[in-house]
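**Q** Only the shape, not the letters, is given here:
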């Protein structure tokens, strides 16, 4: 009888876990949609800022401001950053990020930075021997002041390549690499607009404008990385929870089949005892 009770308790536990998994799956699906909407808004805003930035640069060149341009672009080195999560349960994407990051940042002149608990844990667990800067965000989604601190730490590099989880589809995430110091080329329609004669008044001076847009482009690109990373991690967790729900369904069916076998065995044993008792009574 205790075996039957144990089986029923296990089935109830599995049913509870299934309901929890379903709730998390539904919440993750809603979150994924919201992140995608925010990512699309960021992309539109970046395109507008990028277009204005190109206009400012074009006017700076016309005004022969190469001296200012060289001052602004005089940075110190290259920095490669592994952007991993603090939390786990995102599949293998954090490991893939670290493998790609370590491989691509092998040249000694490249400075390295690791963001996230899982990335630093990977370095310790695999016995990697290289120096790197550390930066910690309180949560996987950094606050505005943390983003500002990050941009301050990286402003003196002429190349800042970030390795992060890139969203491909619900079923697939891969390692993305973005240089947040690089402007994206304009589309052909925008190029045609830019080549037209445009008379603009810039306030404040162009050198300050270029520096502002340089920072703004970095901020927007890093914000895009954050949003896409969150989207990829949410998709990975959604897939994990969905798979857990499927495994739970399989285990529930298996446990119910086991329970039916135990009940049949128990019933058959009772019948045998009954027939044995009747036989003894007759004799």
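**A** Thanks, I have it. It should be emphasised that the depicted structure is a prediction, and the values quoted were computed from it without experimental measurement.
**Q** Residue 85 is in contact with residue 120, isn't it?
**A** No. Checked against Cβ atoms under 8 Å, the pair residue 85 and residue 120 is beyond contact range at 11.4 Å. Where C-beta positions appear, they are placed from N, C-alpha and C, glycine not excepted.
**Q** neighbour-wise, which of these two wins?
**A** More crowded of residue 85 and residue 120, by other Cβ atoms under 10 Å: residue 85, with 25 against 17.
**Q** Where does the more buried one sit, in terms of helix or strand?
**A** Here residue 85, judged by DSSP states H and E, is contained in no helix and no strand.
**Q** separation between it and residue 267?
**A** 52 Å (Cβ to Cβ, to the nearest Å).
**Q** quick one: residue 162 is in a strand?
**A** Yes. Per DSSP: H, G, I helix; E, B strand; the rest coil, residue 162 lies within a strand segment.
**Q** Contact partners for it?
**A** The contact partners of residue 162, taken as Cβ atoms under 8 Å, 6 or more residues apart in numbering, are 81, 83, 177-180, 222, 225.
**Q** residues contacting the spatially most central residue of the chain?
**A** Centroid-nearest residue in the chain: residue 229, 2.6 Å away (criterion: Cα atoms, centre = their mean). Neighbouring residues of residue 229 by Cβ under 8 Å, 6+ apart: 83, 85, 140, 164-165.
**Q** Tell me, what's the model's pLDDT at it?
**A** On the pLDDT scale, residue 229 is placed at 92.
**Q** For it, which three-state class applies?
**A** helix.
**Q** Next, work out how far apart it and residue 78 are.
**A** 21 Å.
**Q** swap in residue 181?
**A** Using Cβ to Cβ, residue 181 is found at 10 Å from residue 78.
**Q** again, but for residue 139
**A** Going from residue 139 to residue 78 by Cβ to Cβ gives 28 Å.
**Q** do the same with residue 16
**A** Where residue 78 is concerned, residue 16 sits at a distance of 51 Å (Cβ to Cβ).
**Q** Among the two, which residue is more densely surrounded?
**A** Neighbour totals were compared for residue 16 and residue 78, and residue 78 leads with 18 against 11 (other Cβ under 10 Å).
**Q** show me the contacts for the more buried one.
**A** 109-111, 157-161.
**Q** That one falls within a helix, correct?
**A** No. Counting by three-state DSSP, residue 78 is not found in a helix; it is strand.
**Q** Tell me what it is bridged to.
**A** Per DSSP bridges, the residues bridged to residue 78 are residue 159.
**Q** Number the residues from 27 up from this point.
**A** Taking 27 as the first residue, the last one we looked at is residue 104.
**Q** so residue 241 makes contact with residue 181?
**A** Yes. Proximity of residue 241 to residue 181 meets the contact threshold set by Cβ under 8 Å, at 7.3 Å.
**Q** since we're on residue 73, how many residues are nearby?
**A** By other Cβ under 10 Å, the residues close to residue 73 number 14.
**Q** Go ahead and measure how far the one helix or strand it maps to is from the middle of the chain.
**A** Element membership for residue 73 (DSSP H and E) is helix 28-88. In terms of Cα atoms, centre = their mean, to the nearest Å, the centre of helix 28-88 is set 9 Å apart from its chain centre.
**Q** low pLDDT regions in this structure?
**A** 27, 43, 47, 80, 82-102, 209-232, 295, 297, 299-309 (pLDDT under 70).
**Q** now the strands for it?
**A** 103-109, 137-141, 159-161, 183-195, 198-205 (DSSP state E).
**Q** Put together a markdown table for the ones you listed, with distance to residue 62 on each row.
**A** Shown next, in a markdown table, are the strands of the chain (distance: least, Cβ to Cβ, whole Å):
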| stretch | distance to residue 62 |
| --- | --- |
| strand 103-109 | 19 |
| strand 137-141 | 23 |
| strand 159-161 | 27 |
| strand 183-195 | 8 |
| strand 198-205 | 14 |
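**Q** Residue 31: which of these is closest?
**A** strand 198-205 (43.0 Å; Cβ to Cβ).
**Q** what comes up buried for that closest one?
**A** Neighbour-count burial for strand 198-205 flags 199, 201-202, 204-205 (criterion: 16 or more other Cβ atoms under 10 Å).
**Q** which parts of stretch 136-144 are buried?
**A** For stretch 136-144, the neighbour count (16+ other Cβ under 10 Å) marks 137-144 as buried.
**Q** any chance of the residues you listed in JSON lines, with distance to residue 156 too?
**A** Shown next, in JSON lines, are the buried residues of stretch 136-144 (distance: Cβ to Cβ, whole Å):
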{"residue": "137", "distance to residue 156": "10"}
{"residue": "138", "distance to residue 156": "7"}
{"residue": "139", "distance to residue 156": "12"}
{"residue": "140", "distance to residue 156": "10"}
{"residue": "141", "distance to residue 156": "16"}
{"residue": "142", "distance to residue 156": "17"}
{"residue": "143", "distance to residue 156": "18"}
{"residue": "144", "distance to residue 156": "17"}
